[in-house]
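**Q** Everything below, folded, please.
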Amino acid sequence: MMITPRERMTGVLAVVFASFLWGTTGTAATFAPEVSPLAIGAVAMGLGGLLQALISASGMVASRATLLKNWRMLLTGALAVAVYPLAFYASMHLAGVTVGTVISLGSAPLLSALIEYYLDGQRLSRRWMTGAAMGVAGMALLCIGKSTGHAAAGQGDYAIAGVALGLIAGLTYALYSWAARHLMQRGVPSRAAMGATFGLGGVLLMPVLLVTGAPLLASWNNALVGAYMALIPMFVGYVCFGYALARIPASMATTLTLLEPAVAAVLAAVIVGERLSPVGWTGIGLVVACLIFITVPLKRRAALPVSA
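**A** Residues are numbered from 1 along each chain as shown. Alright, predicted model coming up:
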């Protein structure tokens with residue numbers, strides 16, 4: 001199916017909107033400090049995934065033969081969906097909202113490119129590589145420029161554990177994006193592919209939620225945080241992301257989500273109290289420049305006559 005420039009741009013805008021929603025998750029989680037990062041991740045992606053499956057039920061039934069035929073791809077995506085939120089929220093818990101988000105999302109574009117290169121043989125354009133490098137440089141500056149005004153949890157060990165968990169989150173994020181797009185390319189409609197992938201991932205997260213989720217019911221505040229995480233960033237955000245994956249490559253989609261750490265950094269500075277130095281704000285500027293660079297079409301210059 002040929003994607004028109006207008007459809008491509010709506011896909012880009014859908015990822016940008018989803019990234020803004022996702023950028024609120026780290027700050028939202030700080031309003032329920034007694035809830036573990038495993039419980040936050042399980043309720044957010046678990047319930048959000050089940051809601052996606054619910055609204056996609058008819059499409060999933062209609063595409064059941066194709067889904068069963070591609071069960072390995074579906075299972076790969078679902079396992080990645082289940083691991084991602086546990087690693088992501090644990091990384092933020094150990095390293096802080098800004099650094100945890102930066103590591104997780106900053107690594108995803110490079111890992112997505114490697115997945116597409118090794119598994120699909122797809123070569124990325126020089127422009128994309130330049131834009132991705134710009135965005136990852138911005139992520140690095142955000143890490144360097146972040147300084148907290150309060151004692152961070154796991155301050156002595158986050159340099160190892162937080163980074164490792166962030167890289168696992170980045171890998172699984174890139175992997176389920178790749179798997180969902182492949183299901184779409186094999187004939188599964190966008191909503192059905194996302195519903196099946198995230199629904200199965202949500203089922204896999206239910207045991208984690210049952211074991212760790214009791215604090216979510218301990219107060220209205222905790223319950224509201226859990227409900228917000230499941231309904232807004234995860235449900236609405238991933239509906240938008242699935243719409244985008246049907247229109248743009250997974251590598252471009254994951255690069256565009258570099259906006260999420262910038263949003264998270266601003267919210268962490270304004271609401272949570274994590275402070276950024278000028279170097280960190282320069283990193284945010286590079287992220288914005290990356291988005292513009294890889295999404296705004298280049299105008300072709302008319303060929304000039306060569307004088308004799």
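**Q** what does stretch 126-144 contact?
**A** 98-99, 102-103, 105-106, 109-110, 113, 124, 251-252, 255, 258, 261-262, 265, 276, 279-280, 282-287, 289-291, 293-294, 298 (Cβ atoms under 8 Å, 6 or more residues apart in numbering). Any C-beta I mention is one placed from the backbone N, CA and C, and that applies to glycine too.
**Q** In CSV, please show the C-alpha coordinates belonging to that stretch.
**A** Below are the C-alpha coordinates for stretch 126-144, written out as CSV (Å, rounded to 0.1, in the frame of the first residue of the first chain):
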residue,chain,number,x,y,z
ARG,A,126,22.2,9.4,5.7
ARG,A,127,19.7,12.0,6.7
TRP,A,128,18.0,9.7,9.2
MET,A,129,21.4,8.6,10.7
THR,A,130,22.4,12.3,11.1
GLY,A,131,19.1,13.2,12.7
ALA,A,132,19.3,10.1,15.0
ALA,A,133,22.9,11.0,16.0
MET,A,134,21.7,14.6,16.8
GLY,A,135,18.9,13.2,19.0
VAL,A,136,21.1,10.8,20.8
ALA,A,137,23.6,13.5,21.4
GLY,A,138,20.8,15.5,22.9
MET,A,139,20.0,12.6,25.2
ALA,A,140,23.6,12.4,26.3
LEU,A,141,23.6,16.1,27.1
LEU,A,142,20.4,15.7,29.1
CYS,A,143,22.1,12.9,31.2
ILE,A,144,25.2,15.1,31.7
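**Q** buried set for that stretch?
**A** Neighbour-count burial for stretch 126-144 flags 128, 131-132, 134-143 (criterion: 16 or more other Cβ atoms under 10 Å).
**Q** Which of the residues you listed sits closest to residue 94?
**A** Set against residue 94, the nearest of the buried residues of stretch 126-144 by Cβ to Cβ is residue 143 (13.7 Å).
**Q** Local confidence estimate at the closest one?
**A** Residue 143 is assigned a predicted lDDT (pLDDT) of 73.
**Q** That one: helix or strand, and which one exactly?
**A** helix 126-145 (DSSP states H and E).
**Q** Can you give the distance of that helix from its chain's centre?
**A** Relative to its chain's centre, helix 126-145 lies at 16 Å (Cα atoms, centre = their mean, to the nearest Å).
**Q** And for stretch 132-148?
**A** Worked out by Cα atoms, centre = their mean, stretch 132-148 lies 17 Å from the chain centre.
**Q** By average pLDDT, which secondary structure element in this protein comes out worst?
**A** strand 146-148 (a mean of 51; mean pLDDT, DSSP states H and E).
**Q** follow-up on the earlier one: want to try TSV for the buried residues of stretch 126-144, with distance to residue 58 as columns?
**A** Converted to TSV, the buried residues of stretch 126-144 look like this (distance: Cβ to Cβ, whole Å):
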residue	distance to residue 58
128	36
131	38
132	37
134	42
135	38
136	40
137	45
138	41
139	40
140	45
141	46
142	42
143	44
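**Q** For residue 180, see how far away residue 77 is.
**A** Plainly put, residue 77 is 6 Å away from residue 180 if you go by Cβ to Cβ, to the nearest Å.
**Q** joint contacts of those two?
**A** With Cβ under 8 Å, 6+ apart, residue 77 and residue 180 have common neighbours residue 197.
**Q** which residues in this protein form strands?
**A** 146-148, 274-276 (DSSP state E).
**Q** What is the burial count for the closest residue to residue 81 other than its chain neighbours?
**A** Take residue 81 and drop its neighbours on the chain: the residue closest to it by Cβ to Cβ, 6 or more residues apart in numbering is residue 201, 2.7 Å away. Neighbour count for residue 201, taken as other Cβ atoms under 10 Å: 29.
**Q** OK, contacts around residue 201?
**A** Contacts of residue 201 by Cβ under 8 Å, 6+ apart are 45, 46, 49, 77, 78, 79, 80, 81, 82, 176.
**Q** Can you verify my assumption that the fifth one contacts residue 205?
**A** So that's residue 78. No: counting by Cβ atoms under 8 Å, residue 78 does not reach residue 205; the two are 9.8 Å apart.
**Q** residues making contact with stretch 19-28?
**A** Contacts of stretch 19-28 (Cβ under 8 Å, 6+ apart): 44, 89, 92, 97-98, 100-101, 225, 228-229, 232-233, 236-237, 240, 256-264, 266-268, 271-272.
**Q** mind listing which of those residues are in helices?
**A** 89, 92, 97-98, 100-101, 225, 228-229, 237, 240, 256, 259-264, 266-267 (DSSP state H).
**Q** and the gap between residue 134 and residue 141?
**A** Counting by Cβ to Cβ, the gap from residue 134 to residue 141 is 11 Å.
**Q** same thing with residue 18?
**A** For residue 18 relative to residue 141 (Cβ to Cβ), the value is 24 Å.
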